[in-house]
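**Q** build me a model from this:
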Amino acid sequence: MKSEKLKTNNVSFVLVFHFSLFTNKMPQTPHIEKHFTSGEIVRDTVIGMADGLTVPFALAAGLSGVLVSTGIIVTAGLAEIVAGSIAMGLGGYLAGKSDVEHYDSEYQRELYEIEEMLQHEKDEVMEILEEYGLTKGESLPIVESLAKRPADFADFMMRFELGLEKPDAKRALKSGATIGGAYIFGGLIPLAPYIIFDGVQTALLWSVVVTVIALFIFGYVKGTFTGTTPFKSAMQTCLIGSVAAATAFFVARAIGG
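**A** Model (predicted):
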């Protein structure tokens with residue numbers, strides 16, 4: 001039964017490849033780009049929101065231990081939010097650019113190897129196809145057809161040898177903007193009570209309340225999107241943010257006497 005199932009899978013794989021070779025197109029993996037894009041947006045939002053909620057929260061809580069003016073705390077908090085959003089947004093942009101540059105570099109390397117070491121590349125394709133259960137006789141027509149089309153050959157090697165999907169060239173700018181925007185949005189939440197209330201201790205209390213609620217909601221939503229247990233994700237996010245704020249608060253108070 002197992003051998004028959006494997007044989008059926010092999011035949012299906014061969015048919016897909018032969019059809020793709022006949023139409024002069026590489027086989028496309030359904031929904032990969034859509035899934036990849038959604039995953040990247042969620043990841044960027046998580047990065048920006050997580051730091052935006054915890055860093056300004058910890059800063060404001062720490063300053064509350066030694067300062068009596070909410071105005072100074074708001075000024076310092078806003079400065080940190082601006083600087084943090086720029087730094088993190090730039091980091092996201094550079095990371096996206098690095099992905100594109102890495103893919104282009106590896107693609108050019110594959111084209112060079114196909115041109116200069118064709119037989120070696122053919123052997124690698126044979127090995128890859130054998131891992132999928134194809135025999136040498138089944139693999140040979142596919143390899144020879146790919147060898148006639150260097151661009152498709154390189155695409156095949158990028159996906160099946162290196163495991164790389166071509167990144168969106170515009171992704172770097174979107175990533176930077178998403179991370180930076182999420183950081184600003186998250187950072188304004190713990191800072192809002194200091195803008196509304198004049199008393200530092202009152203503002204601190206409300207900042208703790210609204211930030212813990214925001215951390216819980218954010219953690220729950222993050223867990224829903226990432227496939228982990230939402231409640232567990234919410235509790236972990238709350239714990240991390242609370243520990244960061246409490247540490248900053250007590251360190252600032254200890255230093256300030």
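
**Q** low-scoring pLDDT stretches of the chain, where are they?
**A** Residues of the chain meeting the criterion pLDDT under 70: 1-39, 163-164, 226-227, 252-253, 256-257.

**Q** ok, which stretches of it are helices?
**A** Using DSSP state H, the helices found in the chain span residues 2-22, 32-64, 70-116, 118-131, 136-147, 150-160, 171-196, 200-226, 230-256.

**Q** could you dump those helices into TSV and include mean neighbour count?
**A** C-beta: built from backbone N, CA, C; applies to glycine. Formatted as TSV, the helices of the chain follow (neighbours: other CB atoms under 10 Å):
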stretch	mean neighbour count
helix 2-22	13
helix 32-64	20
helix 70-116	16
helix 118-131	15
helix 136-147	16
helix 150-160	19
helix 171-196	22
helix 200-226	19
helix 230-256	16
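
**Q** nearest spatial neighbour of residue 126, skipping sequence neighbours?
**A** Nearest residue to residue 126, sequence neighbours excluded (CB to CB, 6 or more residues apart in numbering): residue 139, at 5.3 Å.

**Q** can you verify my assumption that that neighbour contacts residue 132?
**A** No. Residue 139 is not in contact with residue 132 according to CB atoms under 8 Å; the separation is 9.0 Å.

**Q** now do the shared contacts for these two.
**A** Shared contacts of residue 139 and residue 132, defined by CB atoms under 8 Å, 6 or more residues apart in numbering, are absent.

**Q** return the residues in contact with residue 48.
**A** Taking CB under 8 Å, 6+ apart, one finds 85, 88, 92, 178, 179, 180, 181, 182, 183, 185, 186 in contact with residue 48.

**Q** make it 6 Å
**A** By CB atoms under 6 Å, 6 or more residues apart in numbering, residue 48 lies in contact with 179, 182, 183.

**Q** could you dump the residues you listed to CSV with distance to residue 194?
**A** What follows is the contacts of residue 48, written out as CSV (distance: CB to CB, whole Å):
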residue, distance to residue 194
179, 24
182, 21
183, 18
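
**Q** out of those, which comes closest to residue 147?
**A** Within the contacts of residue 48, the smallest distance to residue 147 is 42.5 Å, found for residue 179 (CB to CB).

**Q** my read: the closest one touches residue 87, true?
**A** No. Assessed by CB atoms under 6 Å, residue 179 is found out of contact with residue 87, at 9.8 Å.

**Q** and the gap between residue 77 and residue 58?
**A** 11 Å (CB to CB, to the nearest Å).

**Q** also residue 179?
**A** From residue 179 to residue 58 the distance is 19 Å (CB to CB).

**Q** any idea how far residue 119 lies from residue 143?
**A** 10 Å.

**Q** swap in residue 45?
**A** 43 Å.

**Q** need phi/psi at residue 170.
**A** phi -90, psi 0 (degrees, to the nearest 10).

**Q** then residue 161?
**A** The phi/psi pair for residue 161 (degrees, to the nearest 10) is phi -90, psi -50.

**Q** what's the burial count for it?
**A** 15 (other CB atoms under 10 Å).

**Q** which residues does it contact?
**A** By CB under 6 Å, 6+ apart, the contact list for residue 161 is empty.

**Q** repeat that for residue 63.
**A** residue 73.

**Q** repeat that for residue 154.
**A** Contacts for residue 154 (CB under 6 Å, 6+ apart) come out as 107, 110, 111.

**Q** what would these look like in a markdown table with distance to residue 225?
**A** A markdown table is the format used below for the contacts of residue 154 (distance: CB to CB, whole Å):
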| residue | distance to residue 225 |
| --- | --- |
| 107 | 31 |
| 110 | 34 |
| 111 | 37 |
